[in-house]
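1. kindly generate the corresponding structure for this input.
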Amino acid sequence: MSRSTEQNILPARERVPFDLVFFGAWMIFSGFVDTYFILANPQYALPVFGVKLGGPAGWFLKSIAPPIHFFLGYGALFARRWAYLFLMGYSFYGLLNATVNRLFLPPPHRIRTIFIVGTILFMGYLYWRRGRFKN
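-> The predicted structure follows:
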């Protein structure tokens with residue numbers, strides 16, 4: 001094999017770290033759970049920035065969560081570069097939404113508080129592992 005032929009060979013993709021595979025699988029699982037809850041509780045109005053929307057607007061907001069989770073899960077499973085930015089952006093949206101809901105909606109806030117703390121920890125971990133999103 002000549003030297004010029006060897007230079008044209010692309011390197012193999014790196015192995016995806018277990019933690020990213022876990023997060024990807026978790027996001028895909030979340031997409032299935034979201035789908036189940038939407039279908040099992042059609043009357044539930046999802047709170048978005050302190051407002052509970054019903055009707056078509058509410059259904060639209062509820063229905064975009066599963067595809068987003070599937071999309072992010074795929075990106076994390078295969079350590080796609082774009083997945084890091086999308087995961088951080090979606091996490092920031094969730095953090096901001098949960099914080100506003102905690103401030104303006106009536107208690108109980110136990111689950112919102114756990115979500116806020118967990119999201120902050122998740123974002124910190126993602127930032128720490130950002131270099132692993134290479135494929």
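2. from residue 32, how far out is residue 108?
-> When distance is defined by Cβ to Cβ, to the nearest Å, residue 108 is 26 Å away from residue 32. Every C-beta, even on glycine, is put in place using the N, C-alpha and C of the backbone.
3. swap that for residue 89, sorry
-> Residue 89 is 22 Å from residue 32, by Cβ to Cβ.
4. how about residue 87?
-> Note on residue 87: its distance to residue 32, by Cβ to Cβ, is 18 Å.
5. same check on residue 73?
-> 10 Å.
6. the two: which is more packed in?
-> residue 73 (22 against 13; other Cβ atoms under 10 Å).
7. so the more buried one touches residue 21, yeah?
-> No - with contact defined as Cβ atoms under 8 Å, residue 73 does not count as touching residue 21 (10.1 Å).
8. would you point out the helix or strand in the chain whose mean pLDDT is lowest?
-> Ranked by mean pLDDT, DSSP states H and E, the weakest helix or strand in the chain is helix 3-7, scoring a mean of 58.
9. count of neighbours near residue 64?
-> Counted with other Cβ under 10 Å, the neighbours of residue 64 add up to 11.
10. same question for residue 30.
-> For residue 30, the tally of surrounding residues (other Cβ under 10 Å) stands at 17.
11. just the one 4 residues further on next, same as before
-> The burial metric for residue 34, expressed as a neighbour count using other Cβ under 10 Å, is 19.
12. need the contact partners of the helix or strand that residue 115 is a member of.
-> Here residue 115, judged by DSSP states H and E, is contained in helix 110-128. Helix 110-128 is contacted by residues 19, 84, 87-88, 91-92, 94-95, 98-99, 101-102 when judged by Cβ atoms under 8 Å, 6 or more residues apart in numbering.
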